[in-house]
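Novice: Need a 3D model of the sequence below.
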Amino acid sequence: MIEREFVLENRVGLHARPAAKLVGTSNKFKSRITVSCNGRDANAKSILNILALGAEHGAKIKVRTEGEDEETAMKAIEDLVSNKFYDD
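Specialist: Reported below is the predicted structural model:
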């Protein structure tokens, strides 16, 4: 299992478009991917779960990857978040 913390620096946090990009990226991997924010956990492969987190700009999120491709999955998510979901 790999666990990392990120700060959402894109303008809108995990709302529609960034959430869809996170889910699309997560679904490319076999590993279980969980995003935590505001005391809640969400399956990163579910758009409804991610939107329900209500993660706004500046929020800290914790991402956990667990499975056979966990390292590659974490790297892909790290790239997505650090590049502000390619939206800004």
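
Novice: Show me what the longest helix seen in the chain is packed against.
Specialist: Criterion DSSP state H: the longest helix present in the chain is helix 70-82. Using 3 or more CB pairs under 8 Å, 6 or more residues apart in numbering; DSSP states H and E as the contact definition, the elements that helix 70-82 packs against are strand 2-7, helix 16-26, strand 60-66. (C-beta placed from N, C-alpha, C; glycine too.)

Novice: closest one to Leu51 among the ones you listed?
Specialist: Shortest distance between Leu51 and the helices and strands packed on helix 70-82, using CB to CB, is found for helix 16-26: 5.4 Å.

Novice: The helix or strand just after the closest one pairs with which strands, parallel or anti?
Specialist: Using DSSP states H and E, the helix or strand that directly follows helix 16-26 along the chain is strand 32-37. Using DSSP bridges, the neighbouring strands of strand 32-37 in the sheet come out as strand 40-43 (antiparallel), strand 60-66 (antiparallel).

Novice: What mean pLDDT does strand 32-37 get?
Specialist: Taken as a whole, strand 32-37 has a mean pLDDT of 98.

Novice: one step back: just checking, which of the strands paired with strand 32-37 sits deepest inside the structure?
Specialist: Mean neighbour counts were taken over the strands paired with strand 32-37 using mean count of other CB atoms under 10 Å, and the top value, a mean of 18, falls to strand 60-66.

Novice: rewinding a little: CSV please, covering the strands paired with strand 32-37 and showing distance to Phe85.
Specialist: What follows is the strands paired with strand 32-37, written out as CSV (distance: least, CB to CB, whole Å):
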stretch, distance to Phe85
strand 40-43, 16
strand 60-66, 12
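
Novice: I am finished for the moment; much appreciated.
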